[in-house]
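**Q** sequence first, then the predicted structure:
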Amino acid sequence: MAGEQELDFGDKVEARLAAEALIIDVDGFEGPLDLLLTLSRTQKVDLRRISVLDLAVQYLGFVEKAKELRIELAADYLVMAAWLAFLKSRLLLPPDPSDEGPSGEELAAHLAFQLERLEGMRKAAARLMARDQKGRDFFARGMSENVSRVRKVTYGATLLDLMQGYARIRTKDDFRPFVLDRESILTMEQALERMRALIGYTGDWTDIVTYLPDGWIGDPKRRRSATAATFAASLELVKAGRAEIRQQELYAPIEIRRKSR
Amino acid sequence: MSESEEQSLFEAPPVGDQERMVEAILFASKEAVTVADLNARMPHGADAAVALQHLRKRYEGRGVRLCRVGDSWAIRTAPDLGFLMQRETVEHRKLSRAAIETLAIVAYHQPVTRAEIEEIRGVSVSRGTVDLLIDLEWIRFGRRRMTPGRPVTFVVTAEFLDHFGLESARDLPGLRELRAAGLLENRPAPGYVSEEDDPESTDEQTDMFESE
Amino acid sequence: MSESEEQSLFEAPPVGDQERMVEAILFASKEAVTVADLNARMPHGADAAVALQHLRKRYEGRGVRLCRVGDSWAIRTAPDLGFLMQRETVEHRKLSRAAIETLAIVAYHQPVTRAEIEEIRGVSVSRGTVDLLIDLEWIRFGRRRMTPGRPVTFVVTAEFLDHFGLESARDLPGLRELRAAGLLENRPAPGYVSEEDDPESTDEQTDMFESE
């Protein structure tokens, strides 16, 4: 059988040369079908009119040659070889009417179809890749800043949240005095509040300096602020009709007393 | 309900304004925008499809143009000006022959199972090849085939269409010839009729292209 | 040298083509493009400045327009269509506890430094919290404190007052009112009793807010 192959194969010098070249880069093939497709090109006919028998012979010759050259062929090449040997025998022998299986012609037609389909896909792939491609031939919008889908997150917080938050810190937090820059400033409101309470007890003229709160007398800065606040508060009390104010002479102490009604 | 009723009391913006709106939205987006999405973003009563037709005409022959991508629309630069864009050119890894062929098979035969791809190529499909194509967002999983084993199928994506400038999978080059030659049929190997003969599988495979 | 001489033998592309080129480059570019850059990218002899003027006219009244950004040019959405760019996927999130507390401290103590906020809260203030509040335009940087290190201070914004329906930060209820409203527990956390009794601390603490 091997001799017969050699004989058939030898008829086509061109094909044999091609097959030898093929063997050298057997790794370059993507499997038996790819190899068969390449071999079929040596027939230089439309794939639809290809001689599958010739192709089978070529392929088996290729496998034989590879064996001679001690090239290890992958299992699927050998499976294909076995199948093609079977196909070849079917094609060469007259059909056996008792055989239920597919005829040689049917098998050959299917192989031809497979080759044609693979070829078709390759051409389609080539045409596809030859198309203008995005990022190479045509381009999308470059600016990414105006992305269309803006997810808008709104953060909700109510005044109550805010106050509760503040209250939470303040109750948790031991009421440690929080010292701002206002450390040395007595506000008029503070002075007023203090004087409102105290004025009730003072029927006689009293130097407003005595109304300065404890701890606001030593430090000149604090004293200044407290004096100013107390004076302003005194005027407020006078304005409200709750007190009288006087100064005997320039730079003399300013005195205040409860207004008797 | 009441809201839509209320809204319908307002008239749709004039067609010229609608055109401007579609223009603004498409210009702002890198990705193709569906007609439904356009309509949702435009004021009530606007008809993006009409505006799109006007706008497409307006950009004919310009440096950029309106392209349909499946159900979506995008503005893309004119292909003849690609030479100006060296700076924007995306360096794509050169695809292997296996990847290119697999992609083509998915595109022309979708939805297609891995086994079918392997049958067509005559070799097994490596996981890496499929992963790469999924990574490029050119193919994705389709529905499972209702055959024994319920194999997963692959289909091409809108991104694939966009990348290759195709309006739809029907515009694949040479599709008609391939179909006419019967090369897109799922023709079972003689002697292996039983399993592949599932009529549903054949239906599914071809229904994408037969509807014209 | 010889190359440029050679190129100058070719005529510049027609103005219409130059316009298309500018259009495509501006469209595809990630950033605004300078005139010099445009000229460098376009064929020899092209005059981008002229093409830009034509193109700018062409886009007048359209959904997008040519904008000058310093020395550069870009295509931008027409300002009146900005509303289309906001896909209405509004997501309501509750401000984190840390953010609310920080905001409250800024509101009650403004101008306040980060160190002071941390002192009041007793924990460090994360950058993210401050950034979020600035992002929401509820707080902003105030004047630097004239103390060593000149730390930056935070104050609340008009936007903050608007959101919380306040005329001024002084309208924020004081501790006394908070207490009266039951928002402030009279009973301090265990272990801090003695300090609360310190009259001066209470005084000082309330001075900003007790407007009565």
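**A** Structure's in. What do you need?
**Q** poorly predicted segments of chain A, please.
**A** Residues of chain A meeting the criterion pLDDT under 70: A:1-25, A:27, A:144-156, A:171-183, A:201-202, A:260-261.
**Q** kindly recompute the last result at 50.
**A** In the predicted model of chain A, residues A:1-10, A:145-148, A:173-181 satisfy pLDDT under 50.
**Q** strands of that one, residue ranges please.
**A** With DSSP state E as the criterion, chain A has strands at A:151-156, A:206-207, A:243-247, A:254-258.
**Q** residues from chain B in reach of chain C?
**A** Contact residues (C-beta under 8 Å from any C-beta of the partner chain) of chain B with chain C: B:19-25, B:27-28, B:41-42, B:61-64, B:75, B:77-78, B:81, B:84-85, B:87-88. Backbone N, C-alpha and C define where each C-beta goes, glycine included.
**Q** buried members of the residues you listed into PyMOL, please.
**A** Selection of buried members from the residues of chain B next to chain C for PyMOL, criterion 16 or more other C-beta atoms under 10 Å in any protein chain shown:
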select buried, chain B and resi 19+20+21+22+23+24+25+27+28+41+42+62+63+64+75+77+78+81+84+85+88
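**Q** okay, and which of the residues of chain B next to chain C map to strands?
**A** Within these, residues falling in strands by DSSP E are B:64, B:75, B:77.
**Q** for chain A, what's its nearest residue on chain B.
**A** residue B:122 (2.6 Å; C-beta to the nearest C-beta).
**Q** ok, the closest residue in space to that residue that isn't next to it in sequence - contacts?
**A** Distances taken as C-beta to C-beta, 6 or more residues apart in numbering or on different chains put residue A:33 closest to residue B:122, at 2.6 Å, once the chain neighbours are dropped. Residue A:33 makes contact with A:80, A:114-115, A:118, B:121-123, according to C-beta atoms under 8 Å, 6 or more residues apart in numbering or on different chains.
**Q** with neighbour count added, can I get these in a markdown table?
**A** Compiled in a markdown table, these are given as follows (neighbours: other C-beta atoms under 10 Å in any protein chain shown):
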| residue | neighbour count |
| --- | --- |
| A:80 | 24 |
| A:114 | 20 |
| A:115 | 22 |
| A:118 | 23 |
| B:121 | 23 |
| B:122 | 21 |
| B:123 | 19 |
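**Q** from these, which single one is nearest chain C?
**A** residue B:121 (36.0 Å).
**Q** need the nearest residue in space to that closest one, chain neighbours excluded.
**A** Leaving aside its chain neighbours, residue B:121 sits nearest to residue B:101 (5.9 Å; criterion: C-beta to C-beta, 6+ apart).
**Q** grab the nearest non-local neighbour of residue A:219.
**A** Distances taken as C-beta to C-beta, 6+ apart place residue A:184 nearest to residue A:219, at 7.0 Å, with adjacent residues excluded.
**Q** surely the one you found is in contact with residue A:221?
**A** Yes - using C-beta atoms under 8 Å, residue A:184 is in contact with residue A:221, at 4.5 Å.
**Q** which residues does residue B:85 contact?
**A** Neighbours of residue B:85 in contact, by C-beta under 8 Å, 6+ apart: A:139, B:77, C:24-25, C:28.
**Q** could you do residue B:35 as well?
**A** Contacts of residue B:35 (C-beta under 8 Å, 6+ apart): B:48-49, B:52, B:71-73.
**Q** show me the contacts of residue A:33 that map onto helices.
**A** Secondary structure assignment by DSSP state H places A:80, A:114-115, A:118, B:121 of the contacts of residue A:33 in helices.
**Q** kindly report the domain assignment for chain B.
**A** Residue ranges for the domains of chain B, per automatic domain parsing: B:14-85, B:93-211.
**Q** among those domains, which is the most enclosed?
**A** Among these, ranked by average contacts under mean count of other C-beta atoms under 10 Å in any protein chain shown, first place goes to domain B:14-85 (a mean of 19).
**Q** now do the helices in chain B.
**A** So, for chain B - with DSSP H - the helices run B:2-7, B:15-28, B:35-41, B:48-58, B:97-109, B:114-121, B:127-135, B:158-163, B:175-180, B:193-196, B:199-206.
**Q** circling back: so which of the contacts of residue B:35 comes closest to chain C?
**A** residue B:48 (11.4 Å).
**Q** let me know the pLDDT of the residue nearest to that closest one when sequence neighbours are not counted.
**A** Closest residue to residue B:48 apart from its sequence neighbours, by C-beta to C-beta, 6+ apart: residue B:38 at 3.6 Å. pLDDT for residue B:38: 91.
**Q** same thing with residue B:127?
**A** pLDDT, read off for residue B:127, is 83.
**Q** equivalent analysis for residue B:138, please.
**A** 92.
**Q** list the contacts of it.
**A** B:103, B:156-157, B:159-160, B:163.
**Q** ok so, going back, any chance of the contacts of residue B:85 in a markdown table with distance to residue C:138 as columns?
**A** As requested, the contacts of residue B:85 are arranged in a markdown table below (distance: C-beta to C-beta, whole Å):
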| residue | distance to residue C:138 |
| --- | --- |
| A:139 | 41 |
| B:77 | 43 |
| C:24 | 43 |
| C:25 | 41 |
| C:28 | 39 |
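**Q** of all those residues, which comes closest to residue B:187?
**A** residue A:139 (41.0 Å; C-beta to C-beta).
**Q** now that closest one. Its backbone dihedrals?
**A** Taking degrees, to the nearest 10, you get phi -130, psi 150 for the backbone angles of residue A:139.
**Q** ok, it to chain C distance?
**A** Residue A:139 sits 4 Å away from chain C, taking C-beta to the nearest C-beta, to the nearest Å as the criterion.
**Q** got the contact list for the residue lying closest to residue B:116 once chain neighbours are set aside?
**A** Nearest in space to residue B:116, with sequence neighbours left out and distances taken as C-beta to C-beta, 6+ apart, is residue B:109 at 6.6 Å. Neighbouring residues of residue B:109 by C-beta under 8 Å, 6+ apart: B:116-117, B:120, B:184, B:186, B:205.
**Q** can you pull the pLDDT of residue B:109?
**A** At residue B:109, pLDDT is 95.
**Q** next: the one 5 residues further on.
**A** Turning to residue B:114, the model gives it a pLDDT of 90.
**Q** residue B:134 touches residue B:140, doesn't it?
**A** Yes - using C-beta under 8 Å, residue B:134 is in contact with residue B:140, at 6.5 Å.
**Q** how many residues are close by residue A:238?
**A** By the criterion of other C-beta atoms under 10 Å in any protein chain shown, residue A:238 has 14 neighbours.
**Q** how close does it get to chain C?
**A** Distance from residue A:238 to chain C, by C-beta to the nearest C-beta: 20 Å.
**Q** okay but that residue is in contact with residue A:255, surely?
**A** No - in this structure, residue A:238 is not within contact of residue A:255 by C-beta under 8 Å, at 11.8 Å.
**Q** give me the common contacts of those two.
**A** With C-beta under 8 Å, 6+ apart, residue A:238 and residue A:255 have common neighbours residue A:245.
**Q** for the closest residue to residue A:243 other than its chain neighbours, grab the count of nearby residues.
**A** Excluding the flanking residues, the one nearest residue A:243 by C-beta to C-beta, 6+ apart is residue A:237, at 4.1 Å. Counted by other C-beta under 10 Å, the residues lying close to residue A:237 total 20.
**Q** so residue B:154 bridges to which residues?
**A** Residue B:154 forms beta bridges with residue B:112, residue B:141, as assigned by DSSP bridges.
**Q** residue B:142 is in contact with that one, correct?
**A** Yes - with contact defined as C-beta under 8 Å, residue B:154 reaches residue B:142; the gap is 6.1 Å.
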